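Colleague: fold the following for me, if possible:
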Amino acid sequence: MALIEIENLSVVFTAQGRQVRAVEGVSLSVDARESYGLVGESGSGKSTILRAICGLAPVSEGRIRIGGEVLRRDRSFAARVQMVFQDPYASLHPRHTLDRTLSEPLAIHGLGDADRRVVQAMEQVGLPASFRFRYPHQLSGGQRQRVAIARALMLEPEILLLDEPTSALDASVQAEVLNLLSRLRAERGLTFLMVSHDLAVVDHMCDRVLVMQHGRAVEELPRAALAAAQMQTDYARSLFEASADRML
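Modeller: Numbers count the residues shown, from 1 in each chain. Below you'll find the model as predicted:
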């Protein structure tokens, strides 16, 4: 059964007095516990889809359903769906310790036992408890992204929206964070909707991939077709070749 359903989604912005169609008529579905990737160049609309789900971008047309129900962005939505952003430094408050960052969602939702939950969350993402009262500037980029992942998991959501979660990290750290996400998905039965410009990343992480260009869906690929470079469109093939070149 599909956990995320997006039907004929369009997102239109007004910029400098003119309308910009950032997403146009995109439909997709993501099964429970599936990892689904959105790939394409900058400006293809992939991150806008995640933002539309979270209410950070205006839905001009179409429907979004979570668990078969039309999306309602109330408190229960935050408990089911969380987002991990691209830049872990920008997404963490510079004057909040890790303890405050991780305990804040619990306080907002009236959940107790914060001490145990915070320490447990840090352990699950590979951060020592001794880091609990550090600030973001005292952490490496990979450690900050681990904090962002831990924060997203504090309310035990079903769905993680991942917006280029490793692109701001050094290559040596990217694999560690991707492996962490894969492990957490397996342990918690999570569903991922993941944005990347890099087909090599989604090949490692995702069961299916939707290739996007200029706000439109170009081609959907299962992992086997992606791994075998069996694309049907020239654009998807060019993305694959560019990712292969970067790995050489």
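
Colleague: looks to me like Val173 is in a helix.
Modeller: Yes - with DSSP: H, G, I helix; E, B strand; the rest coil as the criterion, Val173 is located in a helix.

Colleague: ok, the nearest residue to Ala114 once chain neighbours are set aside - contacts?
Modeller: Nearest residue to Ala114, sequence neighbours excluded (CB to CB, 6 or more residues apart in numbering): Ser103, at 4.5 Å. C-betas here are computed from N, CA, C, even on glycine. Ser103 is in contact with 114, 117-118, counting by CB atoms under 8 Å, 6 or more residues apart in numbering.

Colleague: for this structure, name the helix or strand with the lowest mean pLDDT.
Modeller: Ranked by mean pLDDT, DSSP states H and E, the helix or strand of the chain with the weakest confidence is helix 234-247, at a mean of 76.

Colleague: show me the contact partners of it.
Modeller: 39-41, 198-200, 211, 213, 218-219, 221, 226, 229, 231.

Colleague: any idea how far Thr191 is from the residue nearest to Ala114?
Modeller: Look at Ser103 and Thr191: by CB to CB, to the nearest Å, they are 25 Å apart.

Colleague: hey, what's the residue minimising distance to the centre of the chain bridged with?
Modeller: Closest to where the C-alpha atoms of the chain average out (CA atoms, centre = their mean) is Leu162, at 0.9 Å. When bridges are called by DSSP bridges, Leu162 pairs up with Val84, Met194.

Colleague: got the contact list for it?
Modeller: 83-84, 181, 192-195.

Colleague: and the residue nearest to Ala114, what pLDDT?
Modeller: Ser103 carries a pLDDT score of 96 in this model.

Colleague: cool, Asn8 as well?
Modeller: Confidence for Asn8, expressed as pLDDT, is 97.

Colleague: for Leu248, same thing?
Modeller: 41.

Colleague: same deal with Thr14?
Modeller: With respect to pLDDT, Thr14 has a value of 85.

Colleague: just checking, it is part of a strand?
Modeller: Yes - assessed by three-state DSSP, Thr14 belongs to a strand.

Colleague: helices along the protein, start to end?
Modeller: Secondary structure of the chain (DSSP state H): helices at 46-54, 75-80, 88-91, 98-108, 114-124, 141-153, 171-188, 199-205, 223-227, 234-247.

Colleague: reformat those into JSON lines and put distance to Asp31 next to each item.
Modeller: Shown next, in JSON lines, are the helices of the chain (distance: least, CB to CB, whole Å):
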{"stretch": "helix 46-54", "distance to Asp31": "16"}
{"stretch": "helix 75-80", "distance to Asp31": "15"}
{"stretch": "helix 88-91", "distance to Asp31": "28"}
{"stretch": "helix 98-108", "distance to Asp31": "26"}
{"stretch": "helix 114-124", "distance to Asp31": "24"}
{"stretch": "helix 141-153", "distance to Asp31": "20"}
{"stretch": "helix 171-188", "distance to Asp31": "13"}
{"stretch": "helix 199-205", "distance to Asp31": "15"}
{"stretch": "helix 223-227", "distance to Asp31": "13"}
{"stretch": "helix 234-247", "distance to Asp31": "22"}
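
Colleague: and these, which one averages the lowest pLDDT?
Modeller: helix 234-247 (a mean of 76).

Colleague: that helix vs helix 171-188, what angle?
Modeller: Helix 234-247 and helix 171-188 are oriented at 120 degrees to each other (axes from the mean of the first three to the mean of the last three CA atoms, to 10 degrees).
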